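[1] sequence? don't have it. structure:
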């Protein structure tokens, strides 16, 4: 072989190796901080379809319990550490973090994404000053689930709009501890987005509020005391053992395995409870509006779990491709094929609610959409308040004092302190936080 030809072959081989090396260098890892709810586990399960269509992108999943996810995501974003390329956040974080320039704006979406198809309530909740900072994976309000067979057996009838007094009466009649059936299941696990998301709606409808118009904490008012005592007493009497450790996922398991007569929680659970593959009581579930008491204001919450890209991400373009795919019409079709139409992500796209297949499989579809659209974060309480947000106070400090109050309320439920002690300590924490923030007048 001539020397010149050997040299050419050697150079050609080096070029092939270099090209192969270049392709490896350009393959990007997208690290995703994700919630451990069933809908998100399904997203991970279906994600090989995305990787197959995008061979230059590898997905790295960090799946976390809700309180831990919030803590990790907040630490990452505030320290600009760039550990995550995609974060699952919600309507509390997106506007605040977007305002501070911590998130990549969701602009320049392709026409095929069809942003106008996304429910306006969802877009508005994830925007600041008209700029969208996250794309909704699902949107939820809250509602009442109940066992139709147990109600029939006791001769009970659930109203379309129950009151909390009625819920307490039903819970008493449904509880059969010897059979392992509890009249009511509710969130008790401490956390501003766990027990306090639910408890705040109880406080709201009992006529309470977190703060008055001058940012003075209101947790020691009669409305708060009445609402929290009602919640604690009902769960102690008719709830499952260990209720102070139960969050959304734990109660979903209890309800879907037939242990609860009623459960008041997120509308997104309907897709699981009505799915025969996932629920032992799928054909026995009825539903009604979240209960009211003194006022309908703030009786049902509004939340979106959404996907956002931190400014610190080193793989922004690849991250955006993933976020677009995970919140797309195409992804909804994949879930429908894998789990059935009843279980597709709810509350996000108008086209989902227009699908005959979804409406046939999801008897709750119109009800859930109405609950989402009627929840008003700008009028969350009977009396005026200086904040927005139904089940949270839309200020950064809420993460800290909301968590403290959640721990105290959970402690009262577990019998470690009285409700009065819990609320007195919580009131002090809330006042201290807004004083330090310069909000109190």
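    That came in fine, so what should we check first? All of these numbers come straight from a predicted model, not from anything done at the bench.
[2] same question for stretch 237-251, mean pLDDT?
    Here stretch 237-251 scores 97 as its mean pLDDT.
[3] Next, the distance between the ends of that stretch.
    17 Å (C-alpha to C-alpha, to the nearest Å).
[4] And the strands in the stretch 301-441 of the chain?
    303-308 (DSSP state E, counting those that start in this stretch).
[5] where do the helices sit along it?
    Ranges of helices within the stretch 301-441 of the chain are 316-326, 329-339, 350-354, 356-361, 365-374, 398-413, 419-436, based on DSSP state H, counting those that start in this stretch.
[6] what is the mean pLDDT for the fifth one?
    I take that to be helix 365-374. 95.
[7] repeat for the fourth one
    Mean per-residue pLDDT for helix 356-361: 96.
[8] Tell me which of the helices of the stretch 301-441 of the chain sits most buried.
    Across the helices of the stretch 301-441 of the chain, the average number of neighbours (mean count of other C-beta atoms under 10 Å) peaks for helix 398-413, which reaches a mean of 23. Using the backbone N, CA and C atoms, a C-beta is placed for each residue, glycine as well.
[9] Remind me what that helix packs against, helices and strands.
    If you count contacts as 3 or more C-beta pairs under 8 Å, 6 or more residues apart in numbering; DSSP states H and E, helix 398-413 packs onto helix 66-79, helix 195-205, helix 222-238, helix 419-436.
[10] Pull up the pairing partners for the helix or strand following the first one, direction included.
    Which is helix 66-79. The first helix or strand that comes after helix 66-79 along the chain, using DSSP states H and E, is strand 86-90. Strand 86-90 has the following strand partners under DSSP bridges: strand 28-35 (parallel), strand 303-308 (antiparallel).
[11] quick one, phi/psi of the nearest residue to residue 115 once chain neighbours are set aside?
    Spatial nearest neighbour of residue 115, chain neighbours left out: residue 109 (5.5 Å); criterion: C-beta to C-beta, 6 or more residues apart in numbering. Dihedral angles of residue 109 (phi, psi; degrees, to the nearest 10) stand at phi -70, psi 140.
[12] measure residue 109 to residue 101 for me?
    Distance of residue 109 to residue 101, given as C-beta to C-beta, to the nearest Å: 20 Å.
[13] who's more crowded, these two?
    Using other C-beta atoms under 10 Å as the criterion, residue 109 and residue 101 rank with residue 109 on top: 16 against 9.
[14] Please tell me how far that one sits from residue 324.
    7 Å.
[15] Need the pLDDT of residue 109.
    pLDDT, residue 109: 97.
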